Structure formats: C-alpha cells, structure tokens
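Peer 1: Predicted model, plus sequence, below.
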Amino acid sequence: MLISEQLQVAISDDLQDASAVFIGLVNPKTPVNVGGIMRASGCYGVNGVFYTGRRYELAARSGAAQYHVDTKDAGEHIPLMGVNSLLESIPADTKLICVDLVVGATPLPDFVHPPKAFYVFGPEDGTIGQDIIDKADAVVYVPTVGCMNLAASVNVLLYDRLAKSHREAANLSLNLAGDALIRQSRDNNNRTRVKVPRAPRKSRHVEPSSIDAAIVITAA
C-alpha cells in the first residue's frame, strides 16, 4: 500500500520542525494495543503511526466499539497508515530505531534519542525481522524482567524521550508547563490537588517585662 499524497504532505510539513517522531508497528495483532498506541501518540506528540500486516485490520472490523481504547480520539489528527514496508515509509533525514529485546541492544536509560526518529516495534507474538534490525541506526531495549505488552513498550519509550528532551519532543503548541499543563491535560472529573503542608506553628515565648520583674523582686 502506497502512502497517500495527503500523508506525504503532512510528513513533509512535520519534517520542517527540528523534532519529529514516527512509530512503526510490525504486523500488530490486537486493536487494543493499536488503540493504546494511538492514545499515547496523542499524549506525546507523535507525528504518524505506520503498521504492516492485516491482523489489526481484520480484528478491528469485528468490533470497533469493543476495542475503542483511544478515548482521546488521537486518530482524528494523527495519521494511522497501513503500509507494505516500514523501511520504505521512513521519512528522509530520520533515524531508524528498533525497540525490542535483541541481543547486543542498548539499554533505554543509556540511549540518546535523535531529534527525528522512526521507532519500530515488533508484534505481540514475535519480534522485529532481522532485515529491519540490520538497517537500524540503533537498537534499544527496555531493561525489564520479562517483556511488556506492545502498547506499554511504546508508552515507556515515548516517556523516556520526553523526559530526556525536557518536553521538546512532545510538540506542545500551547507551551504549557506545571499546573497549567496539568489543568489542560487532565480528565474533566479530576479536581484533585497536592496540599502544601503547613509549617508547624512556633510556640510563643514571652519574655517577662520590666514591670513583671519588678513585681517579682518586690515580692521577694
């Protein structure tokens, strides 16, 4: 499947920025994972998501409402595109980063993210093909005990990029931070806050006045 001209224009516009993030999924299996990835893409400012294979499409047709995980509807403004080849979908001037438990890979905490990256993730029941790994600019893994599911892995990778880039990769057009960003991003029914602990009240120590002292002396 060829990338549409409209999507090519959108990608070209994204690459005008100093930072661009794309996600590539190798034959994903479940709509729940793809939906979770789309929601994460909206939260972290991903520019586009590509996938190969037919499993996701066939599973999604069986019950779109049942698998509606992207409750923020990030898919309405972030392209989700099925392609024949992830390698042929990588935009120019963008580094290919494979994320999987591959022998010889770099631990994610030690990895320095490039400004423009195309992150490829393997399927839920498999791994990234050797042909893609051989062409990667870097291969990284999340050093967990056991493997996480697909959507969780994408979330961890994107958060790591965000934390290391001090929000530059999130592409937050509102330039919000701190409490203003929290109010913008939280659910409508979330009105919780962290209470600032009050400083302990100091006990009042009153020095005796000269009159009190005189009375004491007189009484003595």
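Peer 2: Thanks, I have it.
Peer 1: Okay, Y119 and V112: tell me how far apart.
Peer 2: 14 Å (C-beta to C-beta, to the nearest Å). To be clear about C-beta, it is placed using only N, CA and C from the backbone, and glycine gets the same treatment.
Peer 1: who's more crowded, those two?
Peer 2: Neighbour comparison, Y119 and V112: the larger count goes to Y119, with 23 against 8 (by other C-beta atoms under 10 Å).
Peer 1: for the strand or helix carrying the more buried one, the distance to its chain's centre please.
Peer 2: The secondary structure element spanning Y119 is strand 116-121 (assigned by DSSP states H and E). Taking C-alpha atoms, centre = their mean, to the nearest Å, one finds the center of strand 116-121 at 13 Å from the center of the full chain.
Peer 1: and it, what does it pack onto?
Peer 2: For strand 116-121, the elements it packs on are strand 20-25, strand 95-99, helix 150-165, judged by 3 or more C-beta pairs under 8 Å, 6 or more residues apart in numbering; DSSP states H and E.
Peer 1: what separates the residue nearest to F22 when sequence neighbours are not counted from K202, distance-wise?
Peer 2: Across the structure, with C-beta to C-beta, 6 or more residues apart in numbering as the measure, the residue nearest F22 apart from its sequence neighbours is F118 (4.5 Å). The spacing between F118 and K202, counted by C-beta to C-beta, is 59 Å.
Peer 1: And those two? Which one has more around it.
Peer 2: Using other C-beta under 10 Å, the more surrounded residue of F118 and K202 is F118, with 25 against 6.
Peer 1: Run through the residues that contact the more buried one.
Peer 2: Counting by C-beta atoms under 8 Å, 6 or more residues apart in numbering, F118 touches 22-24, 86, 89-91, 94-97.
Peer 1: For V34, state which of these is nearest.
Peer 2: Ranking the contacts of F118 by separation from V34, with C-beta to C-beta as the measure, puts I23 on top at 10.1 Å.
Peer 1: What segments of this protein are helices?
Peer 2: Taking DSSP state H as the test, the helices found in the chain are 5-14, 31-44, 55-61, 130-133, 150-165, 178-185, 210-219.
Peer 1: relative to strand 20-25, how tilted is the second one?
Peer 2: In this case it means helix 31-44. 170 degrees (axes from the mean of the first three to the mean of the last three C-alpha atoms, to 10 degrees).
Peer 1: any idea of the mean pLDDT in stretch 32-41?
Peer 2: This predicted structure assigns stretch 32-41 an average pLDDT of 92.
Peer 1: And it, what's buried?
Peer 2: Buried residues in stretch 32-41, defined by neighbour count with 16 or more other C-beta atoms under 10 Å: 32-41.
Peer 1: chain center to it, what's the gap?
Peer 2: Relative to where its chain is centred, stretch 32-41 has its mean C-alpha point 10 Å off (C-alpha atoms, centre = their mean).
Peer 1: just stretch 108-115 next, same as before
Peer 2: Relative to where its chain is centred, stretch 108-115 has its mean C-alpha point 14 Å off (C-alpha atoms, centre = their mean).
Peer 1: Where does pLDDT dip in the chain?
Peer 2: Low-confidence regions of the chain, defined here as pLDDT under 70, cover residues 1-16, 63-76, 166-178, 203-220.
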